[in-house]
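**Student:** just to be clear, the model below is a prediction. Sequence and coordinates:
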Amino acid sequence: MELLSDFGLGLATALSWQNLLYCFLGVFLGTLVGVLPGLGPVATIAMLLPVTFTLGPAPAMIMLAGIYYGAQYGGSTTAILVNLPGESSSVVTALDGYQMARNGRAGPALGMAAIGSFIAGCIATLVLALFAPPLAEIALKFGPAEYFSMMTLGLVAAVVLASGSVLKAVAMVLLGILLGLVGTDVNSGQQRFTFGVAGLADGISFVALAMGLFGLADVILNLEHNEKRGVFGRIGSLLPSLSDLRKCAGSILRGTALGSVLGILPGGGALLASFAAYTLEKRVAKPPREFGQGDIRGVAAPESANNAGAQTSFIPLLTLGIPSNPTMALLIGALMIQGIQPGPQVMTERPELFWGLIASMLLGNLMLLVLNLPLIGLWVRLLTIPYKFLFNAILIFCAIGTYSVNNSATDIWLLLVFTAVGYVFIKLHCEPAPLVLGFILGPMMEENLRRALRISLGDPTVLVTRPLSAAFLVLSVLLLITMIAPSIRAKREAALQE
Amino acid sequence: MRSLAALACAALMTVTLPAAGQDYPSKPIRVLVPFAPGGVVDVTARLLTQKMSERLGWSFVVENRPGGNGFIAVTAAAKAAPDGHTLLMAHTGEFAGNPALFPDVPYELERDFKPITMVSDTPMLLVASKDAPFNTFAEVVAAAKEKPGTVGFSSPGNGSINHLAGEWLALQANVKLLHVPYKGGAPAAAAVAAGEVPLGVVAVPAVQTHLRTGRVKVIGLTTAQRTPYDKSWVTAAEGGIPGVDSSNWVGLFAPKGVPDAIVQKLYDEVKATLDNPEVRERFAQAGAVTGGMPPAEFLARIKTDAERYKEVVKKANVKPE
């Protein structure tokens, strides 16, 4: 009952004219910056931060949060249409989404991404409203040993992301880890593999790597093959059919569940959400499975997971004051400028802010659905632009986006390098997705392993004596065995042939 | 019509071309920040520039150039046109920490910059997780003496001012602590709250939440003076470890070639903005004290700090960066 009255208070806050307007403004801006590759929510929120000084805390938070989860909606658009994942979460969406676009099913892919995101967003917001404090306790149970073991599991699972040879997938994961090690080592402060380039001191830019390997390498390939006709076949229906929806219901729910849980972990859980959802889907979805060739469930599951994670990542922020990603760190800054310390007392001392934010998330998700479904027609029509014009636009937006992340020209050079590397990978039939996961997880894994060992004074048994950590490691070993055992490997090949 | 208007504008512009100091600023002022958005330096820059533009109508652009231990942003500011339209917001680390840590810092304070003033000064705290078996500096020292090099303290990074402050405390107390670096202040504080590491050297904003929930307790300050934020916190000297004075200040800098008249004008305006009670209150809520000392005094303070950290780095053998 108390929850109902709290939620009523939240709705009353969120439904005020001013807050509705800021919520809409937030999700609208979020969608826009999400669509532009590279130009992410961090840059946008940073630019708008001074504007929020003059607003009250509630409208400020409502708008900034709207930008954040709005960008998650928009981020999938370029991934699906032109294979340009601007964020780690949309890398997975690009796998099947882009194939769907090439098969003339861009509309249903975009529609399913929006619908999956909407359902996931609503469910995850309810989770946030009901269980925020107890869930925050779980986040604190995750020490460096647990993070290391969880990421080990993630890397083993990354091999499943590839649809070709297992050996090549393993090689790509390892290469990704090596690339991830470039930059300043957290534990010793040593610079590694930077060759004295200041722009590399903080590592290789993710955006440059992902856009080069996926989007721009693909542009070269398209130019090679399709000088005359358009790259994309016919433009089919704009919305997913009823049978699509029925097929994806399970995927959306599984993705939501995984995303909600992983989003709570501040040390990189949300990053894993879409990867984990895709991997799970590939294992449990009913045949016929066409993952990698344009299976709509390969879009629905990661998109749901990603959006659910975006909502639940507010749990460590609002209850513990721990930011789970750079955007959340900015939101803490925004709250502090308003004179509010994020933490559990926000719920009791400023209930209108806490519940208003939660109610606005439900409204914002609805607005995003209404905003995004009609836009699909517009996006899909972009694909009918002759490729000789389209690819120029892609190049320009990629360059702008890559530069804007760190305002660094080095990143543009990296984009160029990774485009060339990506093209070679395509020719060698090496898939870049496992590399990207290795790139993201490798350095975090190393950081946590070394921290765990440092705290235990060099005793490696911490990894198996802590129950959660041991469980993850056992799962990793089991997964590894199923992949290596020859008979099962044959089965895997067969499963992929389907 | 339009060309006429353009001509008029051009004519007007030539008339108002700035004679040093007067008519400054003639375009938006770019403030370089060596950190990603959201950190203390970034928030300080945004708060200050916002309040200055409210007061004066000047426009500012805060530009984040994170990375490379601050080298990227600081070098860019040093090389910028010295017309006062590019400034640098930096903290203790760039000018007092880095020269002690790195053999080849690509900039030099007095060669490349004119300090304008300190904007804010935030004390750091030695904190412990609530179940840790110590409550005072003396008990921490006793525990560290019993098992040298095993009592861990978290910091926002290797070579961070917090790291150096922790080493400084250990040096003065004649003990050895185990440094456990994290990526930023919030994770370092969270590690103490979760009990991963028993101790942490953190700034007030990073740990406020955990103090309220009682997951973290304060051992004391790393500064020589108590803080108005909470007068009950003891200093390290009062706790039995004399000679430690380490805080995280944020200051505004101009490239060396900027005319003194402009530096003076900027100083006057920043000072006036910092004297605004509302601005003071905003900084106070984050545990910071507003600065505003004249440029010469600020320069002297930075040089003192640089000397002290150099000694800490040498004696504690902090490596490498």
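**Tutor:** Received it, and whenever you're ready, just let me know what you need. In this text, all values refer to a predicted model and were calculated from it rather than measured experimentally. Numbers count the residues shown, from 1 in each chain, chains lettered A, B, ... in the order given.

**Student:** from A:Gly263, how far off is the most centrally placed residue in chain A?
**Tutor:** The centroid of chain A falls nearest to A:Ser89 when counting by Cα atoms, centre = their mean (1.9 Å). Using Cβ to Cβ, to the nearest Å, A:Ser89 is found at 11 Å from A:Gly263. The way it works is simple: take the backbone N, C-alpha and C, and place the C-beta from them, glycine included.

**Student:** and the residue nearest to the centre of chain A, which helix or strand is it part of?
**Tutor:** Using DSSP states H and E, A:Ser89 sits within helix A:88-102.

**Student:** does anything pack onto that helix? Which helices or strands?
**Tutor:** Packing partners of helix A:88-102 (3 or more Cβ pairs under 8 Å, 6 or more residues apart in numbering or on different chains; DSSP states H and E): helix A:57-82, helix A:106-141, helix A:206-210, helix A:269-284, helix A:297-312, helix A:432-455.

**Student:** isn't A:Leu239 up against A:Pro108?
**Tutor:** Yes: taking Cβ atoms under 8 Å as the definition, A:Leu239 is a contact partner of A:Pro108 at 6.6 Å.

**Student:** that older thread, of all the helices and strands packed on helix A:88-102, which lies closest to chain B?
**Tutor:** helix A:106-141 (4.3 Å; Cβ to the nearest Cβ).

**Student:** helix or strand right after the closest one?
**Tutor:** With DSSP H and E, the next secondary element past helix A:106-141 is helix A:144-161.

**Student:** distance from that following helix to the middle of the chain?
**Tutor:** The chain centre lies 16 Å from the centre of helix A:144-161; the measure is Cα atoms, centre = their mean, to the nearest Å.

**Student:** which element is encountered next along the chain beyond whichever helix or strand B:Val218 is part of?
**Tutor:** Assigning secondary structure by DSSP H and E places B:Val218 in strand B:216-221. Next in sequence after strand B:216-221, counting helices and strands by DSSP H and E, comes strand B:247-255.

**Student:** how distant is the next helix-or-strand element following that next one from the center of its chain?
**Tutor:** Along the chain past strand B:247-255, the next helix or strand (assigned with DSSP H and E) turns out to be helix B:260-274. Mean C-alpha position of helix B:260-274 versus that of the full chain (Cα atoms, centre = their mean) differs by 19 Å.

**Student:** now do stretch A:146-166
**Tutor:** The answer for stretch A:146-166 is 16 Å, by Cα atoms, centre = their mean.

**Student:** again, but for stretch B:219-232
**Tutor:** 17 Å.

**Student:** do stretch B:151-169 as well
**Tutor:** 15 Å.

**Student:** kindly report the same for stretch A:48-60.
**Tutor:** From the chain centre to the centre of stretch A:48-60 is a distance of 26 Å (Cα atoms, centre = their mean).

**Student:** which parts of the stretch 101-250 of chain A sit against chain B?
**Tutor:** Contact residues, the stretch 101-250 of chain A versus chain B (Cβ under 8 Å from any Cβ of the partner chain): A:140-141, A:143-144, A:184, A:186-190, A:198-199, A:201-202.

**Student:** who touches the residue nearest to the centre of chain A in this structure?
**Tutor:** Counting by Cβ atoms under 8 Å, 6 or more residues apart in numbering or on different chains, A:Ser89 makes contact with A:72, A:75, A:270-271, A:273-274, A:302, A:306, A:309.

**Student:** which of the residues you listed are buried? Put it as a PyMOL command.
**Tutor:** Remark: buried members of the contacts of A:Ser89, expressed as a PyMOL selection using 16 or more other Cβ atoms under 10 Å in any protein chain shown:
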select buried, chain A and resi 72+75+270+271+273+274+302+306+309
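
**Student:** tell me the one of the contacts of A:Ser89 nearest B:Thr213?
**Tutor:** A:Ala270 (22.9 Å; Cβ to Cβ).

**Student:** re earlier: most tightly packed of the helices and strands packed on helix A:88-102?
**Tutor:** helix A:297-312 (a mean of 34; mean count of other Cβ atoms under 10 Å in any protein chain shown).

**Student:** give the contact list for B:Leu109.
**Tutor:** For B:Leu109, the contacting residues are B:95, B:99, B:115, B:299, B:302-303, B:306, by Cβ under 8 Å, 6+ apart.

**Student:** hmm, which of those residues are the buried ones?
**Tutor:** B:95, B:99, B:115, B:299, B:302, B:306.

**Student:** so which of those is the closest to chain A?
**Tutor:** Nearest member of these to chain A, counting by Cβ to the nearest Cβ, is B:Pro99, at 15.2 Å.

**Student:** check the gap between the closest one and A:Gly40 for me.
**Tutor:** Taking Cβ to Cβ, one finds B:Pro99 at 34 Å from A:Gly40.
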